[in-house]
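[1] need coordinates for the below:
(2 chains)
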Amino acid sequence: MALETTKRTMTLNLTEKEMQVLESLSAQKDLTKTAVIRQALRLYQLVDHRLMKGEKLFFEDQAKRQAELMVMM
Amino acid sequence: MAAHLDWAPVRLEALTRLFETKESWPEHWHWDWSKKADLLDLLAYRCMGIECEGHLQGLMMTSTIAKNSRLRPRGKAILYIEYIESAPWNLKALVENPKYSGVGIALLEAAIEFSEEEGFGGRIGLHSLPQSEEFYRNYMTDMGPDPDHAEGLRYFEMSAEQARAFLEGRK
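    Predicted structure coming up:
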């Protein structure tokens, strides 16, 4: 099954702390740093798409069932 | 979406026949692929299909975000199968002699390969409709009913090891 494979390269400038977070997520999720950035972009687009449609984003506490409204800029 | 237009008349004919004979019909029949097409504008979603003789024989929609592995090692990225369906003329529940068999297996194989390409190690997950549970138990781990799923469907997951074994078996 043919999948899109064409990719473009860019240089990413991160602060030391941002790079630490990226490396930590990369290790935690067993993903390359590129894959983590790609996942982040997908998530950002999805959340933004739904917020633009007027939906709201909540995080729910599993134990207390408390919902927290998240605001994304 | 082409599949919806192509599959609708066959579904309707079979639906009428099954209703008259009081047999049950596949639970995924309420799925309207044309309504899912909007999601394809988003990077997180991808649709894959198998085409043969000018017709779609099966379709699958996957998501790459917001789901983590529940099998050990927990919390790793997985490819989640949002929807998967064979064309109505390939379903034993609908026709006496399905035109093509193994469409579901071929789609699972494509999902595993896509998961590997994404760096997810072949890990995949899905919530199964009751009629398909036996099929998925052949290849995936049945994690039981998911209390967080809106319809309480059972959650199935395939680990990286299971994925490798699946692909080996397909050679």
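
[2] hey, let's count contacts and neighbours off CA atoms from now on
    Fine.

[3] got the phi/psi numbers for the residue positioned nearest the centre of chain A?
    In chain A, the residue lying closest to the centroid (CA atoms, centre = their mean) is A:Ala40, at 2.3 Å. Backbone dihedrals for A:Ala40, given as degrees, to the nearest 10, come out at phi -60, psi -40.

[4] state the pLDDT value of it.
    According to the predicted model, the pLDDT of A:Ala40 comes to 95.

[5] ok, now B:Asp32?
    Model confidence at B:Asp32, expressed as pLDDT, equals 69.

[6] for the chain, just list every one of the strands.
    In the absence of a named chain, this looks at chain A. With strands called from DSSP state E, chain A shows them at A:57-60, A:67-70.

[7] you answered for a different chain; I wanted chain B.
    In order along the chain, chain B carries the following strands (DSSP E): B:45-52, B:55-63, B:79-86, B:124-128, B:141-145, B:154-158.

[8] now tabulate the strands of chain A in a markdown table and tack on distance to chain B.
    Written out in a markdown table, the entries for these read as follows (distance: least, CA to the nearest CA, whole Å):
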| stretch | distance to chain B |
| --- | --- |
| strand A:57-60 | 11 |
| strand A:67-70 | 15 |
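
[9] just name the most buried of the ones you listed.
    Among the strands of chain A, ranked by average contacts under mean count of other CA atoms under 10 Å in any protein chain shown, first place goes to strand A:57-60 (a mean of 13).

[10] sheet partners, orientation included, of that one?
    The strands beside strand A:57-60 in its sheet (DSSP bridges) come out as strand A:67-70 (antiparallel).

[11] centre of the chain to the strand it pairs with, how far?
    Once both centres are worked out by CA atoms, centre = their mean, to the nearest Å, strand A:67-70 turns out to sit 17 Å from its chain's centre.

[12] nearest residue to A:Leu43 in space, ignoring adjacent ones along the chain?
    Leaving aside its chain neighbours, A:Leu43 sits nearest to B:Ile65 (6.5 Å; criterion: CA to CA, 6 or more residues apart in numbering or on different chains).

[13] in this structure the one you found contacts A:Tyr44, no?
    No: the pair B:Ile65 / A:Tyr44 is not scored as a contact, 10.3 Å apart, by CA atoms under 8 Å.

[14] before we move on, back to that, which among the strands of chain B is found nearest to chain A?
    Taking CA to the nearest CA as the measure, these were each checked against chain A, and strand B:45-52 came out nearest at 7.8 Å.

[15] who does the closest one pair up with?
    Under the criterion DSSP bridges, strand B:45-52 sits next to strand B:55-63 (antiparallel) in its sheet.

[16] what residues of the partner strand count as buried?
    B:56-63 (16 or more other CA atoms under 10 Å in any protein chain shown).

[17] go on, stretch B:154-171?
    Of all the residues in stretch B:154-171, those buried under the rule 16+ other CA under 10 Å are B:154-160, B:162-164, B:166.

[18] okay then, goodbye and thanks.
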